[in-house]
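Q: Prediction below, plus the sequence it came from.
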Amino acid sequence: MKRKRETEKRTELSSAIEELSMLAKVDIPAGENLTTTHIPTKPFLHVCTLILQVLDKIGPTMAVLRQDIYQNIQRLEILCESDPAKYSNLIEVLKKEESEGNARKNSSCSKAFLWLTRSMDFMVALLQRLVKDPWQNMEQVVEESYNLTLKPWHGWISSAAFKVALKLVPDNKTFVSLLMTKDQSSGNLKEDMQTLISLLVPILEEHHSILKFYRLDRLKST
């Protein structure tokens, strides 16, 4: 059982890297109409699921964020399955809801895409801090990453819930050990995190350009 768990740990990071490596970078020339770009829906949702599994390592602190990510993934999966050919491109989802006037509703798939992107912003910020110093205070790492990426868009309810849960963050040694396999060094883990960051950052930059184009980038939660 222990060996199986160690393999699963390695799979979570390496699978995310592998999936991201296969996603073609969308090149968006200046001034181009972003309605013509392409974001493959299923690969994007698969990456979000893998990121969700990494966030699980932080424990109960991420329970609210984890549930939010899971629900947003489900929302997009349901729409995609309703017409797999049409909604294989996430841009088609954004175009559909914009034309219907539903894009800014809390239950929209457009907002699901927005919050999944922001959740990955949080993951990148967290990994960047751990790469810089793997043994720094984990509570501080999580709080700083949250303040930079999610807090500006959260209302007082979400912010208050996070502040309470922050006390449940594991210490850095525990968290780092959860990400490592038995035979993996801290140097190898650092390389994996750097690789994941380098793959995620350009994709997220593209997503934010698209969200801005559809005027979704400034939406907040309660």
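A: Looks like it came in fine.
Q: Spatially central, which residue of the protein would that be?
A: Met120 (2.4 Å; CA atoms, centre = their mean).
Q: count of residues packed around Lys132?
A: Lys132 has 10 neighbouring residues, counting by other CB atoms under 10 Å. C-beta coordinates here come from the backbone N, C-alpha and C atoms, glycine included.
Q: make that Ser82, sorry
A: Counted by other CB under 10 Å, the residues lying close to Ser82 total 9.
Q: That one and Glu98: what is the separation?
A: Noted for Ser82: a distance of 18 Å to Glu98, by CB to CB, to the nearest Å.
Q: Same question for Lys212.
A: According to CB to CB, Lys212 stands 13 Å off from Glu98.
Q: ok, these two, which is more surrounded?
A: For Lys212 versus Glu98, the count of surrounding residues by other CB under 10 Å is larger for Glu98: 17 against 12.
Q: quick one: contacts for the more buried one?
A: Going by CB atoms under 8 Å, 6 or more residues apart in numbering, Glu98 touches 110, 214.
Q: In which helix or strand does it reside?
A: In this structure, Glu98 sits in helix 90-100 according to DSSP states H and E.
Q: Now do the buried residues in that helix.
A: By 16 or more other CB atoms under 10 Å, the buried positions in helix 90-100 come out as 90-94, 96-98.
Q: Longest helix in this protein, please.
A: Counting by DSSP state H, the longest helix found in the chain is helix 186-213.
Q: which helices and strands does it pack with?
A: Contact partners of helix 186-213 among helices and strands, from 3 or more CB pairs under 8 Å, 6 or more residues apart in numbering; DSSP states H and E: helix 2-22, helix 109-132, helix 172-179.
Q: How far off centre is the next helix or strand after the longest one?
A: Scanning the chain past helix 109-132 towards its C-terminal end, the next helix or strand to appear is helix 138-149 (assignment: DSSP H and E). In terms of CA atoms, centre = their mean, to the nearest Å, the centre of helix 138-149 is found 15 Å from the chain centre.
Q: Also stretch 140-152?
A: Relative to its chain's centre, stretch 140-152 lies at 14 Å (CA atoms, centre = their mean).
Q: The least confident helix or strand in the chain by mean pLDDT: what's the following helix or strand?
A: The helix or strand of the chain with the poorest confidence is helix 2-22; it has a mean of 63 (mean pLDDT, DSSP states H and E). Next helix or strand after helix 2-22 toward the C-terminus (DSSP H and E): helix 41-55.
Q: follow-up on the earlier one: alpha carbons only: can I get the helix holding Glu98 in CSV?
A: The C-alpha coordinates for helix 90-100 follow below in CSV (Å, rounded to 0.1, in the frame of the first residue of the first chain):
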residue,chain,number,x,y,z
LEU,A,90,-13.3,26.2,-24.8
ILE,A,91,-13.6,29.3,-26.9
GLU,A,92,-16.9,28.0,-28.3
VAL,A,93,-18.2,27.8,-24.7
LEU,A,94,-17.3,31.4,-24.1
LYS,A,95,-18.8,32.5,-27.5
LYS,A,96,-22.0,30.6,-26.8
GLU,A,97,-22.6,32.1,-23.3
GLU,A,98,-21.6,35.6,-24.4
SER,A,99,-24.1,35.5,-27.2
GLU,A,100,-26.8,34.3,-24.8
